[in-house]
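1. with the input below, show me the fold.
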Amino acid sequence: MAKKRLLNFVIVSILAAFFLQAGCDKQTDQKAKPVQKDQKPMATQNKAAAKVKISTSKGDIIVELNEEKAPFTCKNFLWYVKDKFYDGTIFHRVIKGFMIQGGGMTADMRPKQPRPPIVNEAKNGLKNDRGTIAMARTNDPDSATCQFFINHVNNDPLNYGVQGAGYAVFGKVVSGMDVVDAIAAVSTSPGDVPTETIVIKSIRVE
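-> Numbers count the residues shown, from 1 in each chain. This is a model prediction of the structure:
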């Protein structure tokens with residue numbers, strides 16, 4: 001009788017140990033599913049690219065921003081947009097067959113006070129092709145603030161590594177290239193200033 005009770009105790013102990021171990025293994029499996037370093041939340045993966053509408057006195061231009069390739073540049077640009085900084089500025093420099101530049105001057109050619117300059121993201125792989133939007137800057141690569149330009153043609157010399165640090169592309173025109181062409185076609189005075197005032201009425205996120 002004593003041997004039988006001992007045998008039952010041993011069997012129960014073995015079974016208990018087995019189920020406890022199985023339970024631990026199951027919990028370990030649930031916790032052990034690693035998250036890959038480059039894995040992003042589903043909401044981020046499916047996030048639609050931001051678009052802005054540049055309303056000008058010549059018509060509207062829709063630009064799709066590339067926040068993945070140029071995160072700092074896009075963030076900076078969107079700050080100006082949300083602050084309505086660009087409202088009432090002009091395209092103050094126009095060169096047909098090259099680019100149209102604006103975003104920093106008022107209609108009377110007075111410069112607006114910008115935010116501090118940002119880092120140059122020109123080596124992000126985006127090219128200064130026709131219809132792309134990029135940041136204007138001085139000879140200092142990290143001097144871009146508020147002014148931007150839209151490439152009227154493919155401008156390979158502006159790309160990173162061709163003739164230096166390059167100019168940071170951060171988006172592309174998806175609608176309204178006819179407006180860009182119309183702006184590029186206006187007559188200009190010395191300094192590439194349009195004789196006709198081309199006003200940026202507003203820039204808003206679509």
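2. and the chain, what are its domains?
-> 1-37, 50-205 (automatic domain parsing).
3. highest mean neighbour count out of those?
-> Highest mean neighbour count among the domains of the chain (mean count of other C-beta atoms under 10 Å): domain 50-205, with a mean of 18. Any C-beta I mention is one placed from the backbone N, CA and C, and that applies to glycine too.
4. now do the end-to-end distance for that domain.
-> With C-alpha to C-alpha, to the nearest Å as the measure, domain 50-205 spans 7 Å from end to end.
5. ok, stretch 171-179 next?
-> Terminal residues of stretch 171-179 are spaced 17 Å apart (C-alpha to C-alpha).
6. adding mean pLDDT, write the domains of the chain out as TSV.
-> Listed next are the domains of the chain as TSV, based on pLDDT from 0 to 100:
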stretch	mean pLDDT
domain 1-37	39
domain 50-205	98
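7. would you map the strands across the chain?
-> 51-56, 59-65, 89-95, 99-106, 132-135, 148-151, 169-175, 188-189, 193-194, 199-205 (DSSP state E).
8. the fifth one pairs with which strands, and in what direction?
-> Put plainly, it is strand 132-135. Here strand 132-135 has these sheet partners by DSSP bridges: strand 148-151 (antiparallel), strand 169-175 (antiparallel).
9. among those strands, which is nearest residue 69?
-> When the strands paired with strand 132-135 are compared by C-beta to C-beta, strand 169-175 sits nearest residue 69, at 7.5 Å.
10. quick check, distance from the closest one to the centre of its chain.
-> Its chain's C-alpha centre and that of strand 169-175 lie 10 Å apart, by C-alpha atoms, centre = their mean, to the nearest Å.
11. wait, residue 69 touches residue 122, no?
-> No. In this structure, residue 69 is not within contact of residue 122 by C-beta atoms under 8 Å, at 10.7 Å.
12. just give me the residue closest to the centre of the chain.
-> residue 67 (2.2 Å; C-alpha atoms, centre = their mean).
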